[in-house]
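> no sequence on this one, just coordinates:
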Ligand code: SF4
């Protein structure tokens, strides 16, 4: 973004922010983008941005991590997952530490890599630890469809996928919700399109704009939100038309619908949310790691002192956690918000101390 454009958009924000306004950037990539591009220095005093539950690693509950770690210790199991999951602390360590003590835990860049692993190791049970939102779930669905086609019975997925719209519904219904607008996650909207978000302004009167990740896309989306709020006309707008079609990615949604049912899922620090999870349908039950290995997911408390739950619901900022930057750093993370590159605490730690940023109180 040129400095002229930055000045223009910044002055538009200043003009529109005529009252204290709180916007939640739902997506962790937005959190990082806003910090990395130094956008906070362009925001008016009245505009406060808080982070939401949009980091897939962060919202995976402690009980889910514990279930995955227990499964990975079983004989003959090879667990494969995305890199960030290796460092998320469970009650008794991480998947990375488990690998160090001899369990076969592997990092993959795509779900489909596990198909090859299953073919190459027919005497092993390959379990894909499937995490993430509607952005990664279609790839898991495609994997299971392919495994079923090939009749690969030594491959399964431990499905921990979560759905974003029900989480936004839960946040909107939270007593004392202080969010005036949602900066909606562009990546999820690429898959879902506009329709699944329309209920937010219609039912809860909260302004919504789908945003891209470039500086001017984020600034324009904020201008949209402040205009909606100023006119008291909440609606759903999009500032990411280059990637988001109103109908979304129909093929990807079809893949998800073929393989998953919606189910209740527990979000770290937030708790169970109806319809916010994806469970594997009966016809794919042979490839459902949870059923195949009878994995128990228990309700587990947060690590002592960790306030990730409040971070993920936008109730506090990282510096209000007493462990931030002392007991908890990216090298020694206590909670998942410090582990993931998209985690709010990690973003605050890495970028929040630059001179051009305002620290919120
Ligand atoms: S600073 Fe660490 S312990 Fe505190 S909320 Fe963030 S991740 Fe959890």
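Received it, and whenever you're ready, just let me know what you need. Only a predicted model underlies this, so the values are computations on that prediction, with no experimental measurement involved. Residues are numbered from 1 along each chain as shown.
> So which bits of the stretch 101-250 of the chain are right by the ligand?
Within the stretch 101-250 of the chain, no position is near the ligand by CB under 6 Å from any ligand atom. Yep, even glycine has a C-beta here, placed from its N, CA and C like the rest.
> How about the contacts made by the residue of the stretch 101-250 of the chain found nearest the ligand?
Across the stretch 101-250 of the chain, the shortest distance to the ligand (CB to the nearest ligand atom) belongs to residue 131, at 17.1 Å. Contact analysis of residue 131 by CB atoms under 8 Å, 6 or more residues apart in numbering lists 56, 57, 60, 81, 82, 85, 160, 161.
> which among those gets closest to the ligand?
Of all the contacts of residue 131, the ligand sits closest to residue 57, with 11.1 Å by CB to the nearest ligand atom.
> so the closest one sits right up against residue 85, yeah?
Yes. The pair residue 57 / residue 85 is scored as a contact, 6.3 Å apart, by CB atoms under 8 Å.
> sorry, back to before: can you give me phi and psi for the residue of the stretch 101-250 of the chain closest to the ligand?
Main-chain dihedrals, residue 131, degrees, to the nearest 10: phi -120, psi 160.
> Next one: the closest residue to it other than its chain neighbours from residue 32, what distance?
Nearest non-adjacent residue to residue 131, counting by CB to CB, 6 or more residues apart in numbering: residue 160, 4.9 Å away. As defined by CB to CB, to the nearest Å, residue 160 lies at a distance of 22 Å from residue 32.
> quick one on the thing from earlier: give me the subset of the contacts of residue 131 lying in strands.
residue 81 (DSSP state E).
> Select from the contacts of residue 131 every entry located in helices.
Using DSSP state H, the subset of those located in helices is 56, 57.
> partner residues bridging residue 260?
Residue 260 forms beta bridges with residue 280, as assigned by DSSP bridges.
> which residues touch it?
Residues counted as contacts of residue 260 (CB under 8 Å, 6+ apart) are 137, 141, 159, 161, 278, 279, 280, 281.
> Pick out the residue in this structure sitting closest to the ligand.
The chain approaches the ligand most closely through residue 335 (2.7 Å), counting by CB to the nearest ligand atom.
> For that residue, grab phi and psi.
The phi/psi pair for residue 335 (degrees, to the nearest 10) is phi -120, psi 170.
> hang on, it packs against residue 89?
Yes. Counting by CB under 8 Å, residue 89 is a contact partner of residue 335 at 7.2 Å.
> more neighbours, the two?
Taking other CB atoms under 10 Å, residue 335 and residue 89 do not tie; residue 335 has more neighbours (27 against 21).
> For the chain, which segments are assigned as strands?
21-27, 47-54, 77-81, 104-107, 125-130, 155-159, 181-185, 207-211, 236-239, 260-267, 271-280.
> which stretches of the protein have low pLDDT?
The chain contains residues with pLDDT under 70 at 353-361.
> The same query, at a cut-off of 50, please.
354-361 (pLDDT under 50).
> mind listing what the residue lying closest to residue 119 once chain neighbours are set aside touches?
In space, and not counting its chain neighbours, residue 119 is closest to residue 152: 6.9 Å by CB to CB, 6+ apart. Going by CB under 8 Å, 6+ apart, residue 152 touches 115, 118, 119.
> okay, the strands of the chain in JSON lines with distance to residue 246 next?
Below are the strands of the chain laid out as JSON lines (distance: least, CB to CB, whole Å):
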{"stretch": "strand 21-27", "distance to residue 246": "19"}
{"stretch": "strand 47-54", "distance to residue 246": "21"}
{"stretch": "strand 77-81", "distance to residue 246": "33"}
{"stretch": "strand 104-107", "distance to residue 246": "36"}
{"stretch": "strand 125-130", "distance to residue 246": "28"}
{"stretch": "strand 155-159", "distance to residue 246": "28"}
{"stretch": "strand 181-185", "distance to residue 246": "13"}
{"stretch": "strand 207-211", "distance to residue 246": "10"}
{"stretch": "strand 236-239", "distance to residue 246": "8"}
{"stretch": "strand 260-267", "distance to residue 246": "22"}
{"stretch": "strand 271-280", "distance to residue 246": "22"}
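> among the ones you listed, which is nearest residue 349?
Of all the strands of the chain, it is strand 47-54 that lies closest to residue 349, at 13.1 Å by CB to CB.
> That closest one packs against which elements?
strand 21-27, helix 28-36, helix 164-173, strand 181-185, helix 308-312 (3 or more CB pairs under 8 Å, 6 or more residues apart in numbering; DSSP states H and E).
> Report the angle between it and strand 181-185.
Angle, strand 47-54 to strand 181-185, by axes from the mean of the first three to the mean of the last three CA atoms, to 10 degrees: 50 degrees.
> What strands line up against strand 47-54, and which way round?
Strand 47-54 has the following strand partners under DSSP bridges: strand 21-27 (parallel).
> Give me the contact list for the strand it pairs with.
31, 34, 46-54, 164, 168, 171, 178-188, 222, 225-226, 229, 314, 342.
> Point out the other elements, helices or strands, that the longest helix along the chain touches.
Using DSSP H, we find that the single longest helix of the chain is helix 215-230. On a contact count with 3+ CB pairs under 8 Å, 6+ apart, helix 215-230 meets helix 3-16, strand 21-27, helix 28-36, strand 181-185, strand 207-211, strand 236-239.
> Find the nearest non-adjacent residue to residue 183, please.
Nearest residue to residue 183 in three dimensions, chain neighbours excluded: residue 25, at 4.5 Å (CB to CB, 6+ apart).
> Quickly note the distance from that neighbour to residue 4.
Plainly put, residue 25 is 25 Å away from residue 4 if you go by CB to CB.
> more neighbours, those two?
Higher neighbour count among residue 25 and residue 4: residue 25, with 26 against 8, using other CB under 10 Å.
> Thanks again, I'm all set now.
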